[in-house]
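>>> The following comprises the amino acid sequence and a computationally predicted model.
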Amino acid sequence: MPRARTKPKRKPRKAAKPGGGRAKRAPARRRSKPEPYVPRLANLLGISQLAPADITAILDQAETFIEVLKRPIPVVPALRGKTVVNLFFEASTRTSTSFALAASRLSAQCVNFSIGSSSVKKGETLLDTARTIEAMRVDGVIIRHSMPGAAHFLSRRIKSFVVNAGDGCHEHPTQALLDAFTLRRRLGTLKDKRVLLVGDIAHSRVARSNILCFSKLGARVAVCGPPTLIPPHIEELGCEVFYRLDRVLYEVDVVNMLRVQTERISSSLFPSVREYRALYGLTAERLSELNTSVVILHPGPVNWGVEMDFEVAELPQALILNQVTNGVAVRMAVLYLLAGGQVGDTDTAETK
Ligand code: CP
């Protein structure tokens, strides 16, 4: 006898949820956003200590602060309760003011230490000065000094973080960072861009920091100046060397003019200011003859009529004042990251 066909068994239905609703499917797992890279910086002593990813992270953080600086009240509470000291043993307008503003825009306190009226005048040493200031419980020291290595010296002896704001002819890392930031904003990227630094390469801390910084971001860097102002072995930093400006100016994307460091040049290293200007000065005639719209940088202060003419600074491709404006955002990023902030932390963008 044929067996009766049985219906295939149905899968039992899922029990209804208490309250009558149907059980919901577990939501599909979203792919989580990659964590932003956080540079582990104890101090900022030079560009030589930074990896390309550190530089990029600092510039990305500065982008957040550029937005803050455009607000009617350009202040965020990110570093409330922190204190930094501007310890400048050399003159400065841009760097010292910019650090003071950066600190105040982050709600930190900045004490400007005036060497002229301090006990340095009575012979107090750099270390004693720094230890005295640290005993007052500050979080960071921003130092400019004529001695190469002064910031490194200090960082090994005090617990507060140290920022090098220029040490002799050695490094000026925040200038390099703000210059890279300014170029990235104008050109989109530094990768494969040709950048020419012109002038007193031998005595310039900006030259050294900028060569390192631009190269780490993928730019092709060259220097140009009189042979007496180009240090031996500069190629080891990864740059080409030229001695004639007109030979190379027309083929670069960026020209970074440098100040003739009259305070650091002990003897005459070029025949005359007139000859220097004729061979290396960025004049309106030179630019118009070459028919170039090269982007122009200068860290300032400028010796007008020597390395650059005043009319050149008025051209739309001259970014000298943009560099100054961007300097505040970049220094905010540096202070913020050194004081323990997280890259891209949106809390920093909350207006006070
Ligand atoms: N560019 C720069 O370091 O300028 P100051 O000397 O005015 O700080």
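That came in fine, so what should we check first? None of the values given here were measured: they were computed from a predicted structure.
>>> Phe282 and Cys110: what is the separation?
Heads up, residue 282 is Leu, not Phe. Distance of Leu282 to Cys110, computed by C-beta to C-beta, to the nearest Å: 34 Å. Heads up, the C-betas are built off the backbone N, CA and C, glycines and all.
>>> and the two? which has more neighbours close in?
Neighbour totals were compared for Leu282 and Cys110, and Leu282 leads with 24 against 21 (other C-beta atoms under 10 Å).
>>> so who does the nearest residue to the more buried one once chain neighbours are set aside touch?
Nearest residue to Leu282 in three dimensions, chain neighbours excluded: Met308, at 4.5 Å (C-beta to C-beta, 6 or more residues apart in numbering). Met308 makes contacts with 257, 281-283, 296, 298, 302, as judged by C-beta atoms under 8 Å, 6 or more residues apart in numbering.
>>> Out of those, the closest to the ligand would be?
For the contacts of Met308, the residue nearest the ligand by C-beta to the nearest ligand atom is His298; the value is 8.7 Å.
>>> Not counting sequence-adjacent ones, nearest residue to that closest one?
Met257 (4.6 Å).
>>> cool, and Trp304?
Per C-beta to C-beta, 6+ apart, closest to Trp304 is Phe310, 5.1 Å.
>>> What about the one you found, how many residues nearby?
Counted with other C-beta under 10 Å, Phe310 comes out at 10.
>>> Quick check, it in contact with His298.
No. Using C-beta atoms under 8 Å, Phe310 is not in contact with His298; the gap is 11.6 Å.
>>> what's near enough to touch the residue of the stretch 201-350 of the chain found nearest the ligand?
Distances between the stretch 201-350 of the chain and the ligand by C-beta to the nearest ligand atom are smallest at Pro299, namely 3.8 Å. The neighbours of Pro299, taking C-beta under 8 Å, 6+ apart as the test, are 94, 172, 175, 179, 206, 258-259, 323.
>>> Assign a three-state SS to it, would you?
Judged by DSSP: H, G, I helix; E, B strand; the rest coil, the three-state class of Pro299 is coil.
>>> can you pull the pLDDT of it?
We have a pLDDT of 98 for Pro299.
>>> Torsion angles phi and psi at it?
Here is the backbone geometry of Pro299 (degrees, to the nearest 10): phi -70, psi -20.
>>> Could you do Val223 as well?
Dihedral angles (degrees, to the nearest 10) for Val223: phi -120, psi 160.
>>> Name all residues that make contact with it.
Val223 is in contact with 196-198, 201, 207, 211, 230, 234, 239-242, counting by C-beta under 8 Å, 6+ apart.
>>> In PyMOL, how would I select the buried members of those?
A single PyMOL command selects the buried members of the contacts of Val223 (16 or more other C-beta atoms under 10 Å):
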select buried, resi 196+197+198+201+207+211+230+234+239+242
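>>> The contacts of Val223 in helices, which ones?
207, 211 (DSSP state H).
>>> tell me which parts of the stretch 51-200 of the chain are close to the ligand?
With C-beta under 6 Å from any ligand atom as the criterion, the stretch 51-200 of the chain meets the ligand at residues 92-95, 166, 175.
>>> Apply the buried test to those and list what passes.
92, 94-95, 166, 175.
>>> thinking again about what came up before, sort out for me which of the residues of the stretch 51-200 of the chain next to the ligand are in helices.
Among these, the members falling in helices (DSSP H) are 94-95, 175.
>>> contacts for the host helix or strand of Phe113?
Assigned by DSSP states H and E, Phe113 belongs to strand 109-114. With C-beta under 8 Å, 6+ apart as the test, strand 109-114 has contacts from 82-88, 96, 99-100, 103-104, 129, 133, 138.
>>> which two from those end up farthest apart in space?
Within those, Ser104 and Thr129 form the most distant pair, 23.2 Å apart (C-beta to C-beta).
>>> which of these two has more neighbours?
Thr129 (21 against 16).
>>> Select the helix or strand of the chain having the lowest average pLDDT value.
Ranked by mean pLDDT, DSSP states H and E, the weakest helix or strand in the chain is helix 126-134, scoring a mean of 87.
>>> what pairs with the next helix or strand after that helix, and is each one parallel or antiparallel?
Next helix or strand after helix 126-134 toward the C-terminus (DSSP H and E): strand 140-145. According to DSSP bridges, strand 140-145 forms sheet pairs with strand 83-88 (parallel), strand 161-167 (parallel).
>>> Right, I'll call it a day here.
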